[in-house]
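1. Provide a 3D model corresponding to the input given below.
(2 chains)
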Amino acid sequence: MERGQLIKAMESRLGTEGVVHEREQLRSYECDGLMNYRVIPDLVVLPETAEHVQQIVRICYEEGIPFVARGSGTGLSGGALPVESGVLIVLSRMRKILEVDIPNQRIVVEPGVINIWVSQEVAGEGYYYAPDPASQVVSSIGGNLAENSGGVHCLKYGFTTNHVMGAEVVLADGSLVHIGGGKAPDAPGYELLGALVGSEGTLGIATKITLRLLRKPEAVGTLLAAFSDTEAAGDAVSAIIGGGIVPAAIEMMDALCIEAVETAVHPGFPEAEAILIVELDGPEAEVEDQFQRTIKACEEANASEIRIAEDDAERALFWKGRKAAFAAMGRISNDYYVQDSVVPRTELGAVLKRINQLGEEYGMRVANVFHAGDGNLHPLVLYNNDNPGEAEKAEALAGDIVFTCLEHGGSLTGEHGIGEDKKKYMPKMFTEDDMATMQLLRCAFDPHNLCNPGKIFPTPRLCGERPGPFRMHPVQKAGLAENF
Amino acid sequence: METRTKNVSLEDLQEIVGEEHAREAAPEDAVDGVAPSFVAEPGSIEETSRLMRLANDEGLRVAPRGGGTKMGWGNPPRELDLILSTARMNEVIEHVPGDQVVRVQAGLNLETLQERLGRSDQMLAIDPPEKDAGATVGGVVAANSSGPRRYRYGTVRDLIIGITVVLPDGTIAKAGGKVVKNVAGYDLGKLFTGSLGTLGVMASCNFRLHPRPEAARTVAVELNDTLAAGQAAQALMHSQVFASALELHWSEDARLLTVLIEGISKGVDAQADTTSYLLRGFGEVRTLSDEEADHLGPLTPPGAGNDEVAIKIAHPPAELTGVLDSALGAAERKGVTPRITGHAGAGVTYVALSGGEEEARAQVVEELREIWVRRGGSVVVRQAPVPVKKRLDAWGPAGDYLGLTRRVKEKFDPRGVLNPGRFLGGI
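-> Presented below is the predicted three-dimensional model:
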């Protein structure tokens, strides 16, 4: 099908306002939150219903055109990077909250619904939605599902995958399936929902998502502790968790990060080599007791200052400082390159030390802001793109940081995803057999490799199908056979 | 005369696992009346891989087995040649208390693991009823078995962070890792959870751990009727009490909703008071002694080891009263005796049916399936005499995802080596 025909076919189903094909307009979709990869898609479509999505995907399937789904485009691994000569399916017009079911503690939403809207919708009932990525005021639930987004509170409450209970999904052949029980638990069959969440848009497109709602905790306690070195802060983290406390969040920022945040949003953080923000929540008596133990652990780790949030406003200020960290980097550096590796908590000290050494060896600044409780680092390599060769050097340094984390038993990514950005590192963490086995799943969902192709895996696996653009068998096309 | 199945002799298996670790099958090795020829116990992942490659090449039908506590789950296999026992793969590979993570071989006994973790004041927050009967970690994962504490900690899928499997063709593959937060690659640990040994043989699993609570108390309310059961459960669910379990017991002896509260002792006291206050409108409230709480056994597996028909109804939790009414009503009309336990907060209700005609028990299941599948739930047969199971299909109807489910099976096990027929839709 020629491009002109394809545009007409899409417009006949979505209306002219649902199809973007002018080159200048297409340019605004060329990247997601990771701006060093850019591809201009052939066409952008903006469906309003699951049926639209099915129609779009069916055309792509029949014509062998690759497609990529995208929510708000805030991803940090290039997961929603368009494919050349492909269709970009933007789900931001599907943003209705379909059902709030407090008795069953569920909410049903369309994929374009913004993360924070969910908690806002049910706040009056005393409920909230736990996963809270730093992007939560703009990122969509569909995108969160694709990436298995985390957030500062996932240490205690888990990630997106622990809160998605059901999904209606358009598969790569345009068929619609409902997986996960939704309101009832333990749907018989394979745990397809667990496989879908975090598959970075490569297994299908969720068009309706059932989420679990949590009752707001009775009490919340938040403190900020300053330390004269990162190792002491790390000791405090170990002491808190080793003492049997599961905090809602423990976040760490280093001096460079504190400086940037102070310049940008003025949270009034103390001057220190490292600060921890620790939040505890739950039943009042328990929080009170554990809060005292947490203060003691910080004191014993020689905290130079401990501030306790006296009210919600002060708590919000602590978190404003933390959540602004990435954006604030612009105040101290032209550009930055961020990694998202994870290390076992007990390796934190050693890994941070090595990151400092690497920064010195490369002669570059590395700022650290991270989820200390679960060992999820976000080292920000600062550089200036105007200086020739610096971007490459920053990427090389970031790569060395990743390898350090893997050597210490960690993972390539805790919440940002592999996407386009880290697929080259996959063979460092997984064997060929590991990746081939993972791709068996992909072959079951998307045998013709049309759904967000080229992401996650450095080399795609053929699924025993004929290579080249897919052509539907005439018998199948006539509806006389199904492609199982 | 030498026993041969297809082209495989006992010696072929012994050559892989050692003479003392492969034998001819005994009558008790049968799965739902289908007798295998051999039992083999590989001692390593490499031996498991060689066994599976042999089975795959020669067309042997294989049922993986851990503690053997759930071999009656699912449908009877269509065919069975070999039981692959993970019993010898029973080591803790790595436990770093500071990381609250453990890596274990699949054949490790769950209770042994808990004892070991208890020394560091930690636990794996999975407490299925068969834990005391010798269940292994791999078996619990494969069956997606859960217990009362799922209310607070979730189920296997929420706690498994990594897995190593052997595919039918012998391929050894891993996914996930040993850090809790990890989104690198597909989450095969979740895919294998509940797959009942139909995709591959699990060799090892990694889990997230939790601190062992310092104190615990069980508060119970005596229920007058099914309406009170539903309302009491809702009152707890929408409160700010952070309970570990919310369990229902409904039999001739007891009609109770129990609330397990765990944590530090000061917190437990305060929450137990709140719980008592919340429940007082639904019946007489009391604190159970440890002995009574144990005896009540949220942990008694309904229907284990007898000719009861036991089902698991998964339903929206707010429909608890309706579930109870439908089960009690159907049982009464058919003249059978129901015994009910359930994870009231999670929407899981187990009904064990005894007495009456076998036919009548099957009809009760059919009636409940009709109702609860239509309402978005499922009714899975957990235990039944083989003829009843054959008639009912253990899993019931599958949704529109059955085609996808079949494609997953075909990709992982194209020759249908593993547990043929035991899973959903005859997979």
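2. what is the burial count for A:Ala313?
-> 8 (other Cβ atoms under 10 Å in any protein chain shown). For every residue, glycine as well, the C-beta is placed using N, CA and C.
3. okay, buried residues for the helix or strand where it lies please.
-> According to DSSP states H and E, A:Ala313 maps onto helix A:312-323. Using 16 or more other Cβ atoms under 10 Å in any protein chain shown as the test for burial, helix A:312-323 gives A:314-315, A:317-319, A:321-323.
4. residues contacting residue 190?
-> Using chain A. By Cβ atoms under 8 Å, 6 or more residues apart in numbering or on different chains, the contact set of A:Tyr190 is B:191, B:194-195, B:199, B:405, B:408, B:424.
5. try chain B instead
-> By Cβ under 8 Å, 6+ apart, the contact set of B:Lys190 is A:161, A:191, A:194-195, B:157, B:160.
6. which one of these is nearest to B:Val137?
-> B:Val137 lies nearest to B:Ile160 out of the contacts of B:Lys190, by Cβ to Cβ, at 9.7 Å.
7. name whatever forms a beta bridge with the nearest residue in space to A:Gly414 that is not next to it in sequence.
-> Nearest non-adjacent residue to A:Gly414, counting by Cβ to Cβ, 6 or more residues apart in numbering or on different chains: A:Asn376, 3.6 Å away. Counting by DSSP bridges, A:Asn376 is bridged to A:Val342, A:His371.
8. what about the residue of the stretch 51-200 of chain B found nearest chain A, which SS state?
-> Using Cβ to the nearest Cβ, the single residue of the stretch 51-200 of chain B nearest to chain A is B:Lys190, 2.8 Å away. Look at B:Lys190: counting by DSSP: H, G, I helix; E, B strand; the rest coil, its state is helix.
9. can you check B:Val104 too?
-> Per three-state DSSP, the secondary structure class of B:Val104 is strand.
10. would you confirm that it contacts B:Met89?
-> No: between B:Val104 and B:Met89 there is no contact under Cβ atoms under 8 Å: 9.3 Å.
11. which neighbours do the two share?
-> Shared contacts of B:Val104 and B:Met89 (Cβ under 8 Å, 6+ apart): B:Ser204.
12. how is the chain partitioned into domains?
-> I'll assume chain A. For chain A, automatic domain parsing gives the domain ranges A:3-90, A:97-215, A:217-329, A:333-421, A:432-477.
13. nope, chain B please
-> Listed domain ranges for chain B are B:4-85, B:92-211, B:215-296, B:309-392 (source: automatic domain parsing).
14. quick one: end-to-end distance for the third one.
-> Meaning domain B:215-296. By Cα to Cα, to the nearest Å, the extent of domain B:215-296 from end to end equals 19 Å.
15. contact partners for residue 414?
-> Picking chain A for this. Per Cβ under 8 Å, 6+ apart, neighbours of A:Gly414: A:150, A:340-342, A:371, A:374-377, B:179, B:181-183.
16. hmm, no, I was thinking of chain B.
-> B:Pro168.
17. the residue of the stretch 351-484 of chain A found nearest chain B: what secondary structure?
-> Ranking the residues of the stretch 351-484 of chain A by distance to chain B (Cβ to the nearest Cβ) places A:Thr437 first, at 3.6 Å. With three-state DSSP as the basis, A:Thr437 sits in helix.
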